[in-house]
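Colleague: Could you look at this predicted model? Sequence included:
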Amino acid sequence: MADVVKAIDRLLERTNQNRINWTVSETPGSFNAAVGKLAVYIAVQKQNWAVAPEVQFRIVGKDGEVIQSLNADHINDAVVYGKLRELHLQAGQAAQGNAASWDELLAELERV
């Protein structure tokens with residue numbers, strides 16, 4: 001599980017540095033990014049508002065085959081689930097161009 005946390009942390013770091021080009025996927029609430037020869041996919045599906053959303057994460061090889069698949073419903077680690085939720089949020093902001101607006105706001109706040 002340590003490698004999973006390390007990979008998610010690195011994805012979060014690179015996403016926050018605008019070094020990963022996230023795009024909106026065809027499925028609502030899902031995002032894709034090319035990372036070298038691999039692709040990553042993350043989605044959140046809300047099936048029931050009373051239950052925590054289901055996070056899905058996949059690593060896909062260049063031939064389109066799923067190399068690793070992570071479904072937060074099968075993870076009992078709240079830290080990993082939280083990191084996946086954060087990655088989904090950051091990926092969505094990056095894919096929709098919202099990350100730049102946060103950077104701009106932070107820069108403006110430094111001037112105040």
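Modeller: Thanks, I have the structure now.
Colleague: distance between the lengthiest helix in the chain and the chain's centre?
Modeller: For the chain, the helix with the greatest residue count under DSSP state H is helix 78-95. When distances are taken as CA atoms, centre = their mean, to the nearest Å, helix 78-95 is centred 4 Å away from the chain's centroid.
Colleague: and what of stretch 5-21?
Modeller: Between the mean C-alpha position of stretch 5-21 and that of its chain there is a distance of 8 Å (CA atoms, centre = their mean).
Colleague: neighbouring contacts of it?
Modeller: Applying CB atoms under 8 Å, 6 or more residues apart in numbering, the external contacts of stretch 5-21 come out as 22, 33-35, 40, 57, 79-80, 83-84, 86-87, 90-91, 94, 99. The way it works is simple: take the backbone N, C-alpha and C, and place the C-beta from them, glycine included.
Colleague: Swap in 6 Å and give it another go.
Modeller: With contact meaning CB atoms under 6 Å, 6 or more residues apart in numbering, stretch 5-21 is reached by 33, 83, 87, 90, 94.
Colleague: Also stretch 26-40?
Modeller: Identification of contacts with stretch 26-40 by CB under 6 Å, 6+ apart yields 20, 22-23, 25, 41-44, 59-60, 62, 91-92, 95.
Colleague: Are any of these buried, and if so which?
Modeller: Buried residues within the contacts of stretch 26-40, defined by neighbour count using 16 or more other CB atoms under 10 Å: 20, 22, 41, 42, 43, 44, 59, 60, 91, 92, 95.
Colleague: Give me the contacts around the longest helix of the chain.
Modeller: Residues external to helix 78-95 that are found in contact with it (CB under 6 Å, 6+ apart): 8, 11-12, 15, 22-24, 31, 42, 44, 55, 57, 72, 75, 99.
Colleague: In JSON lines, list the contacts of stretch 26-40 along with pLDDT, distance to residue 104 and secondary structure.
Modeller: Shown next, in JSON lines, are those (pLDDT from 0 to 100; distance: CB to CB, whole Å; DSSP: H, G, I helix; E, B strand; the rest coil):
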{"residue": "20", "pLDDT": "93", "distance to residue 104": "19", "secondary structure": "coil"}
{"residue": "22", "pLDDT": "95", "distance to residue 104": "18", "secondary structure": "strand"}
{"residue": "23", "pLDDT": "95", "distance to residue 104": "21", "secondary structure": "strand"}
{"residue": "25", "pLDDT": "91", "distance to residue 104": "26", "secondary structure": "coil"}
{"residue": "41", "pLDDT": "96", "distance to residue 104": "28", "secondary structure": "strand"}
{"residue": "42", "pLDDT": "95", "distance to residue 104": "25", "secondary structure": "strand"}
{"residue": "43", "pLDDT": "93", "distance to residue 104": "28", "secondary structure": "strand"}
{"residue": "44", "pLDDT": "87", "distance to residue 104": "26", "secondary structure": "strand"}
{"residue": "59", "pLDDT": "94", "distance to residue 104": "32", "secondary structure": "strand"}
{"residue": "60", "pLDDT": "96", "distance to residue 104": "33", "secondary structure": "strand"}
{"residue": "62", "pLDDT": "88", "distance to residue 104": "36", "secondary structure": "coil"}
{"residue": "91", "pLDDT": "94", "distance to residue 104": "19", "secondary structure": "helix"}
{"residue": "92", "pLDDT": "91", "distance to residue 104": "18", "secondary structure": "helix"}
{"residue": "95", "pLDDT": "91", "distance to residue 104": "18", "secondary structure": "helix"}
